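> coordinates only, sequence not included:
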C-alpha cells in the first residue's frame, strides 16, 4: 500500500492546490497568489491588494482508506506607518472577511471538476481563522486559516507518479542572533523514496548568502540588523524539494535605531523639554548620551534628557541627538524639531498721564512695566467718555504718547490705553479716568503766556504752582 499512499498524496495535494489557486485568482480582493511558507513571500512595498499564501503543513495516513491533511492559508496586506495600530486592526478585519468568503467557496466547490473522479475530499468543520502580524522590511498583517481535510481513494485506479521528497517538518535555525555567534540549521523531517540527501543555503533578508552552504553559519558584520534563514533542499531518485526554515533576527550588533527619539513638552520660552532615548537594538549593554541643539548646533552644557528653554531659543528649532554606544560601535539618532514660541506680553499695573486737564492743554502718558519674549513694543491710544465710567470710545488719530485737549473734549473725560505687542501676542491696560475737562480760565491764559516767555528767556519755569495760585487769586 505504500506506493498507493504516495500516489494519493501527490494527486490530492495537486487538487487542493488547484482549488485554492482557482478560488484566489478569481477573488476580486486578492492581488497575488503564492505557494509555500509565508517566509518565502517577496513582499513588495506599496502594493495594493491582499496576498494569499498557502502551504500543506501536515500529511498523515488515515488507515488504508485515506489521508488527513492540514492546510495553512495566509492572507495578508501591508500596514501603513501612520496610525499603525488602527490600520493593523483594519487590515486584519478585511483579511478575515476575505478568508471567510474563501472558505465558504471552498466548502461548496464543484467536486466534479477535479482531475481524479475517485478522489473523495471532505473539508472538516473545525477550520479556524486567526489574526496575525509579521514584520519584514515593513509591517504586514492579516488572517491565518487552518484547514483540516480528509480524503478517501479507490486504490485500483491509482497511477503511480514520480514524487519528489515531501517535507513533513520544516528545518529549524537556532542559536544566538548576535554578530560573531554561530547559527545551526536542522534538515527538518522529510519523506521520500530511497536515500534522501540534503543541501543548505543560508539567506540574509531573504537573499542567498554567497558561499554559506554548510549546516552552520557564523554571523558577520554584513548581517548586522538583518534577518537570517536557511533553505534546505532534499533530493532523492525522484526529484528535489526545497523548504525554508524559520527566520531569526534581527541580528544584534552595534547600536541600531529602530525608532527615533521624541522631544515633548510645551514649545515655549521658559518651559522644559524632555527627550526619550528612542528605541534601539544591539548587543547588550547599550548606553545613551544626550546633546541638545539649536538650529543643528550643540548647546554647551545641555547633555541631560531635559532642557529648559531660554529667551535665545525664541523662534528657533531645538532638537536632541541621542548617541548609543556598546562594545561593537557607536550610532546617533536625531529627535523631531521643536519650533519654539515666545511669551505673550503681560502688563503689570496701570499706565498714568500728567498735564492740566483743560482745553488746549497737552496730556503726557507714562508706561507701566511689562514682560514678554521677544521684548514687546509699546503703542498708545486715547479714549473719551461722557461720564468717565462707561461708553469709552477711541479718539480718532490719537495714538501718540501725548494728547492735546480740544473743544470737543470739553466737559468730557479722557484716559490713555497702553498696548504691549510681540510675535506671541498682545496685552493692554487702561489708565484711570481724568477729571472732567474744563475750559481754559483767564489765569490759565496769562500763566501759559508767562510760561512761554520765561521758557524762551531762561528755559526754566520756577515755582509754577505758586505762580498759578497767585494768578487765580488776583484775577
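Cool, got the structure. Predicted model only: the values in this text are computed from it and were never measured. Numbering: from 1, shown residues only.

> now residue 176: how far from residue 182?
From residue 176 across to residue 182, the span is 8 Å (CB to CB, to the nearest Å). Every C-beta, even on glycine, is put in place using the N, C-alpha and C of the backbone.

> Could you do residue 262 as well?
37 Å.

> Those two: who's more crowded?
residue 262 (13 against 10; other CB atoms under 10 Å).

> Could you spell out which stretches of this protein belong to which domain?
1-160, 162-252, 256-339, 344-440 (automatic domain parsing).

> Tell me where the model's unsure across this protein.
Low-confidence segments of the chain, defined by pLDDT under 70: 1-19, 22, 25-27, 34-69, 80-86, 107-126, 135-138, 149-163, 442-475.

> For it, which segments count as helices?
2-26, 84-107, 442-457, 464-474 (DSSP state H).

> and the second one, what does it pack onto?
Right, helix 84-107. helix 2-26, strand 50-62, strand 66-78, strand 128-135, strand 139-152 (3 or more CB pairs under 8 Å, 6 or more residues apart in numbering; DSSP states H and E).

> let's go with 10 Å and repeat that
Helix 84-107 sits against helix 2-26, strand 30-35, strand 50-62, strand 66-78, strand 120-123, strand 128-135, strand 139-152, with contacts defined as 3 or more CB pairs under 10 Å, 6 or more residues apart in numbering; DSSP states H and E.

> picking up where we left off before, common neighbours of residue 176 and residue 182, please.
Shared contacts of residue 176 and residue 182 (CB atoms under 10 Å, 6 or more residues apart in numbering): residue 219.

> List the buried residues in stretch 254-270.
For stretch 254-270, a neighbour-count test (16 or more other CB atoms under 10 Å) marks 254, 255, 256, 257, 261, 263, 265, 267, 268, 269 as buried.

> Pull the number of nearby residues for residue 305.
16.

> How much space separates it from residue 289?
From residue 305 to residue 289 the distance is 10 Å (CB to CB).

> what do those two both touch?
Common neighbours of residue 305 and residue 289 (CB under 10 Å, 6+ apart) are 277, 322.

> In contact with residue 268, which residues?
309, 313, 314, 338, 340, 341, 342, 343, 344, 373, 424.

> For those, could you give me JSON lines that also reports neighbour count?
Shown next, in JSON lines, are these (neighbours: other CB atoms under 10 Å):
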{"residue": "309", "neighbour count": "24"}
{"residue": "313", "neighbour count": "26"}
{"residue": "314", "neighbour count": "18"}
{"residue": "338", "neighbour count": "23"}
{"residue": "340", "neighbour count": "22"}
{"residue": "341", "neighbour count": "19"}
{"residue": "342", "neighbour count": "21"}
{"residue": "343", "neighbour count": "21"}
{"residue": "344", "neighbour count": "18"}
{"residue": "373", "neighbour count": "24"}
{"residue": "424", "neighbour count": "18"}
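
> Nearest to residue 142 among these?
Ranked by distance to residue 142 (CB to CB), the contacts of residue 268 are led by residue 338 at 37.7 Å.

> list the contacts for that closest one?
Residue 338 touches 263-268, 271, 273, 275, 307, 309, 313, 316-320, counting by CB under 10 Å, 6+ apart.

> try residue 235
Neighbours of residue 235 in contact, by CB under 10 Å, 6+ apart: 164, 165, 190, 192, 195, 196, 197, 198, 199, 241, 242.

> And it, how far from residue 195?
9 Å.

> before we move on, what about residue 312?
79 Å.

> now swap in residue 373 and tell me
83 Å.

> Residue 388 now?
113 Å.
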